[in-house]
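# Need a 3D model of the following:
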Amino acid sequence: MITIMDNTETTEKTKSCDFRMTRQRRVILAELDSPGQHPTADEVYSRVRKVLPNISLGTVYRNLEILSQTGMVKKLHIGSEQRRYEKNQKRHYHAHCVMCGRVSDIPSDPFGDIDKTARENSRFDITGHELVFEGLCPKCNDDNQ
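I've put the predicted structure just below:
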């Protein structure tokens, strides 16, 4: 069940952006609140339809794009699959199962400040990075043995 809440961080971000926080956007954001979830737009659509049965797939895609442009949602480009979305704004990395497509979060702390290292070694003005580890998730690994 999706719970719609209006948290302060979301409210502050919408004030700094020039758009309205519609019911559709609140429901989409609430769906992305589930920890460890990295759903595709189609999966978000399927879940959101339980709360808003008349919402269209196009509306979900447009709103996910708008929410990612505002920085409230992150669009993940992992593998050649459909784009995935998450609301987790803390710096972290991802592990992608090449067999089933599952995506899991990996905390970034063990890797230190990679941006700083890249900046020092390349003399680029580094603005960010994405790091995805690929392999087999525990379930697929067990199934293969």
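
# Please enumerate the strands of this protein.
Along the chain, counting by DSSP state E, strands occupy 74-76, 84-86, 92-97, 103-107, 132-135.

# got the domain boundaries for this structure?
8-86, 92-144 (automatic domain parsing).

# now the last one: mean pLDDT?
When pLDDT is averaged over domain 92-144, the result is 86.

# quick revisit: and the domains of the chain, which is most packed in?
domain 8-86 (a mean of 16; mean count of other Cβ atoms under 10 Å). For every residue, glycine as well, the C-beta is placed using N, CA and C.

# any idea how far the residue nearest the centre of the chain lies from D142?
Centroid-nearest residue in the chain, with Cα atoms, centre = their mean: E86, separated by 1.8 Å. Counting by Cβ to Cβ, to the nearest Å, the gap from E86 to D142 is 26 Å.

# before we move on, what about Y45?
31 Å.

# so which of the strands of the chain comes closest to E120?
Taking Cβ to Cβ, strand 92-97 is the member of the strands of the chain nearest to E120, at 20.2 Å.

# Helices of the protein, residue ranges please.
Here the chain has its helices, by DSSP state H, at 8-16, 23-31, 41-48, 57-70, 114-122, 138-144.

# Just send those back as JSON lines, with distance to I106 too.
Shown next, in JSON lines, are the helices of the chain (distance: least, Cβ to Cβ, whole Å):
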{"stretch": "helix 8-16", "distance to I106": "23"}
{"stretch": "helix 23-31", "distance to I106": "23"}
{"stretch": "helix 41-48", "distance to I106": "21"}
{"stretch": "helix 57-70", "distance to I106": "21"}
{"stretch": "helix 114-122", "distance to I106": "13"}
{"stretch": "helix 138-144", "distance to I106": "14"}
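
# Of the ones you listed, which is nearest G101?
Between G101 and the helices of the chain, the tightest spacing by Cβ to Cβ is seen for helix 138-144, at 9.8 Å.

# E130 contacts K74, doesn't it?
No: using Cβ atoms under 8 Å, E130 is not in contact with K74, being 9.5 Å away.
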